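Fold the following for me, if possible:
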Amino acid sequence: MEARNRRISDWYGQIKRGEIKLPRFQRFEAWDRQRIGSLAETVIRNLPLGITLVLEVGDEEKFVSRFLETAPHNTGRVHEHLLDGQQRLTALWRIFYNNYEGETYFIYLQEFDKYDDDEQRGDMTVYSRARYYKKNGDRYPLWCDDPAQCLRRGMIPSNLLRPEDIQGEIDQWIEQATSPDEPSGDREELKAFYAFKKRVSDRIKDLRAIVANYNLPYLSLPPQTDKSVALNVFINMNTNSKPLSTYDIIVAEVESVMGKSLHDLEASLNDRHPEIAHYSPLSELILTTSALLQGYMPNQSGAWDMDKMKLVEYWEKMENGLVRMANFLKGEGIYDEERLPTNAVLAVIAALCTDIPQAGDKRGQDELLLKKYLWHAFFTDRYENAAATRAYADFVALKKVISTTQSDQAIPISSNDVPLFRDYKIAEVEELMASDWPKRASIRGRGILAAACRLGALDFSTGERLDVNNIPDRHYHHIFPDALLKEADVDGFLALNCALISDKTNISIGRKDPLQYLKDRYKWTSETIVRERLQSHLIPIQELANGGYERLSEQEKTEKVKRDFTAFIQKRAELVTKVVSLLAEGRQLSAAESYSH
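Numbers count the residues shown, from 1 in each chain. Prediction:
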C-alpha cells in the first residue's frame, strides 16, 4: 500500500456530499479543546499531521455506517468508510463551521491586535473561548459574535477558513469588523483604512489557501478487502488513547442491527452470575462461546464473522452454557483465571454444556467426557500454539460424540476421533520436572497447581480447604525454601516446588528447612494430620523430611541440598503424573487415594 495525497478541500467536499461516512462501531468524537486547537494550528502552520485510513465501498457498504458529527445527512452514494482519522476530520469539519456548543475557535493574528487587556500569545496560534448562555438567552461572552471586537483582539473566526466559496460571508465579516474604524473623509486616513482592510482580507485569503491546499494523506483498502481484514487493520492503526476492542465493534454492530444494548445484556448477566467472570473477561467469553455456537472459530476472526442477530437470539442458550461451565470448573478445583492453565478450554466447555442434559445418566456420561477433555488439555501440549484453531477442531469432534446416541448394547461412545485424545499424550515425569513456576502463566506449571487444587490443597497450618472464597488469600509458597536453594545455586522456581497456602502460614515458614517446619507442626498436632495436609498438595513427605544442614560444611550442605531437592522434585513429579493420568480418565479422587495408586 502507498499513501495517497488528498487536500483538505477534497476531504471537506466528500463529507459535505455524504460520500465518506464512519462505520457505526467507531466511537463518537472525544477530543478536548486543547487537541482540537493543536490540530487546527498544525494545519495553518502547514505541518505534517499523519495518515488516515479509508476502506473503499463497492456495490454495498460492508458496515452499518453513520455521518460525521454535524455533517449533513445527504443520501448520495457512499464511496468510502473512514477507518482511522475520525477525530481529526470531525474536528476540522466542526472548526470550519465553528459549531461547537461550548466554545468558539479563532486564529490569532498579532498584527491586528489592539486590545491591551488580554494575555500575550504567539502569532498564528489557535484560540478557543469558552461560551455560555445567560437567562436572557444571549450567548456570552458577547464579543465572540461581534466582528469588530474580534478583529480588535486580533481574532479571525475559524469558520471563515471553510474551504468552499464563501466570499460573500467573508466580505460581510470584514465590513462589520472594520466599519467602526472607517474615517469620515480625510483622504489619507481613508487610504490607510482601505489598506488595512485589504491586509485583513489578504491574511484571511492566505490562511484559506493554506487550509484548502493542505495535504492530509491517506491509505486506502480496496473494496474487495475482507471485512475481518479491514477490522484488524483498523484496530492495529487506531490512534485513540483507548483503542477500540473487537467487543466494542460488535457492541456497536449489535445495537445497530438489533436495537439492543449488548452492554446491558452483559451487565445483567454479570449481576446474576458474577462467578463467570472469575475465569476470563466476560466480554471475551460471550464472543468466543457465541462464535462456537454458530460454528465459527473461538477467536477474533470468528467473532467478526458470526451473525450478530443470532448472538442475541442465542443469548439465553449461551448464558446457560457459561453458567454450567463455571460450575463445572469449580467442581474440578479451578476457581479463577489466575490459576487456570489455559483459557482455550472455556468456550469449548461452555458451548458443549448447552447440549448436555441437566440431569440423568446422559449428563453424567457427557460430563465425564468433559473431565477427560479438561485434564488432557492441561497436561498435553495441544494448546501451546494455535489454541483457537485446535480448540475449534476439538469442539467439533466432542460435539459429535455428545450428540451421538449409544447403541442398544450400551457400548461407551468412542472419543478416539477427538484430536486431543487421539494425537496427544499426557506429559511424562521428565516434562513435569522442568515445568515453570505457575505464577509465570505456563500451561504445565499451572496444571500441576490445578491438580493439587483438585485434591483440596489444605493449608499447612489451619487445615482450611482451598475454595473459591479463600483462593485470593493464598500465596505461592516455595516448599523447599527459595533462600536455602539460592545458597546452593539451585533454581527453586519450579512448579513442583510450589504450594498454595495462606499468607500467614507462608510467613511463619520463612526460610526454614523442610524438616524443621514439619517438626514445628508435629509439636502441636499429630503426624497423621500433617501428613493429610501435605498429601492434599501431592507433596511426598519422606522426600520432604530432610534437613540437618546446619552442621555441614558449605560444600557438603550444597551437595546435600541438591540431592534432597532433586529427589523431592522427582518423587512429586511421579505423584502428579499418577494423579493426572487418573483425572484424565475422569476419575473422582481424594488425596489419600492418590497416594495408594
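
From now on I want contacts and neighbour counts done on CA atoms only, so please keep to that.
Noted.

Low-confidence bits of the stretch 101-250 of the chain, can you list those?
237-244 (pLDDT under 70).

50 instead?
241 (pLDDT under 50).

for the protein, longest helix please?
Taking DSSP state H as the criterion, the chain has its longest helix at helix 554-583.

buried ones in it?
Across helix 554-583, burial judged by 16 or more other CA atoms under 10 Å covers 557-558, 560-562, 564-565, 567-583.

and if you look at stretch 8-22?
8-12, 14-22.

In helices, which of those fall?
Filtering those for helices - DSSP H - leaves 8-12, 14-17.

how about the strands in this structure?
20-23, 52-56, 65-66, 80-84, 103-113, 125-130, 132-133, 139-140, 153-157, 218-221, 474-478, 498-502 (DSSP state E).

which stretch among those strands comes nearest N546?
strand 474-478 (15.0 Å; CA to CA).

Give the partner strands of the closest one in its sheet and their orientations.
strand 498-502 (antiparallel) (DSSP bridges).

quick check: mean pLDDT across the partner strand?
Mean pLDDT, strand 498-502: 87.

Equivalent analysis for stretch 532-548, please.
pLDDT averaged over stretch 532-548 gives 83.

and it, how far out from the chain's middle?
Using CA atoms, centre = their mean, to the nearest Å, the distance from the centre of stretch 532-548 to the centre of the chain it belongs to is 41 Å.

Now do the end-to-end distance for it.
Start-to-end span of stretch 532-548 (CA to CA, to the nearest Å) is 24 Å.

in it, what's buried?
532-541, 543-546.

Ok, stretch 34-50 next?
Neighbour-count burial for stretch 34-50 [16+ other CA under 10 Å]: 36-37, 39-41, 43-44.

Just the ones in helices from those residues, please.
Going by DSSP H, the helices hold 36-37, 39-41, 43-44 from the buried residues of stretch 34-50.

Take these and write them to a markdown table, including distance to H376 and pLDDT.
Formatted as a markdown table, those follow (distance: CA to CA, whole Å; pLDDT from 0 to 100):
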| residue | distance to H376 | pLDDT |
| --- | --- | --- |
| I36 | 55 | 93 |
| G37 | 58 | 92 |
| L39 | 56 | 94 |
| A40 | 59 | 95 |
| E41 | 61 | 94 |
| V43 | 60 | 96 |
| I44 | 63 | 96 |
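
Tell me which two of those sit farthest apart.
I36 and I44, at 12.7 Å, using CA to CA across those.

Can you show me the helices along the stretch 51-200 of the chain?
86-97, 147-152, 167-178, 187-213 (DSSP state H, counting those that start in this stretch).

for those helices, which one sits closest to S283?
helix 86-97 (25.2 Å).

And the closest one, how far out from the chain middle?
28 Å.

Y115: neighbour count?
Close neighbours of Y115, defined as other CA atoms under 10 Å, add up to 13.

And for the one 10 residues further on?
Using other CA under 10 Å, T125 has 19 other residues around it.

Wait, H376 touches L420, no?
Yes - between H376 and L420 there is a contact under CA atoms under 8 Å: 7.1 Å.

Provide a list of residue ranges in the stretch 251-400 of the chain with pLDDT below threshold.
If you take pLDDT under 50 as the line, the stretch 251-400 of the chain has no such spans.

At which residues are the helices of it located?
262-272, 282-293, 300-305, 308-313, 315-331, 344-353, 361-378, 387-403.

Spatially central residue for the chain, please.
For the chain, the residue nearest the mean C-alpha position is S245 (5.9 Å; CA atoms, centre = their mean).

check contacts around it.
I235 (CA atoms under 8 Å, 6 or more residues apart in numbering).

how near is it to R88?
Taking CA to CA, one finds S245 at 20 Å from R88.

same deal with I166?
23 Å.

between those two, who's got more neighbours?
Each of I166 and R88 has its neighbours counted (other CA under 10 Å); R88 has more, 18 against 12.

now the more buried one, nearest residue through space, not along the chain?
If the residues on either side of it in the chain are set aside, R88 comes closest to L39, at 7.3 Å by CA to CA, 6 or more residues apart in numbering.

you'd agree that neighbour is up against Q87?
No - assessed by CA under 8 Å, L39 is found out of contact with Q87, at 9.9 Å.

Enumerate the positions of stretch 56-74 that are buried.
For stretch 56-74, using 16+ other CA under 10 Å, the buried residues are 56-57, 61-62, 65-69, 71.

Return stretch 179-195 as CSV; C-alpha atoms alone will do.
What follows is stretch 179-195, C-alpha atoms only, in CSV (Å, rounded to 0.1, in the frame of the first residue of the first chain):
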residue,chain,number,x,y,z
SER,A,179,-16.6,49.7,9.7
PRO,A,180,-16.3,51.2,13.2
ASP,A,181,-12.8,52.4,12.3
GLU,A,182,-13.8,53.9,8.9
PRO,A,183,-12.7,57.6,8.9
SER,A,184,-15.2,60.3,7.9
GLY,A,185,-13.5,61.9,4.9
ASP,A,186,-9.8,62.5,5.2
ARG,A,187,-8.2,61.1,2.1
GLU,A,188,-5.0,59.8,3.7
GLU,A,189,-6.9,58.3,6.5
LEU,A,190,-9.3,56.6,4.0
LYS,A,191,-6.3,55.4,2.1
ALA,A,192,-4.8,53.9,5.3
PHE,A,193,-8.1,52.4,6.2
TYR,A,194,-8.6,50.6,2.9
ALA,A,195,-5.0,49.4,3.0
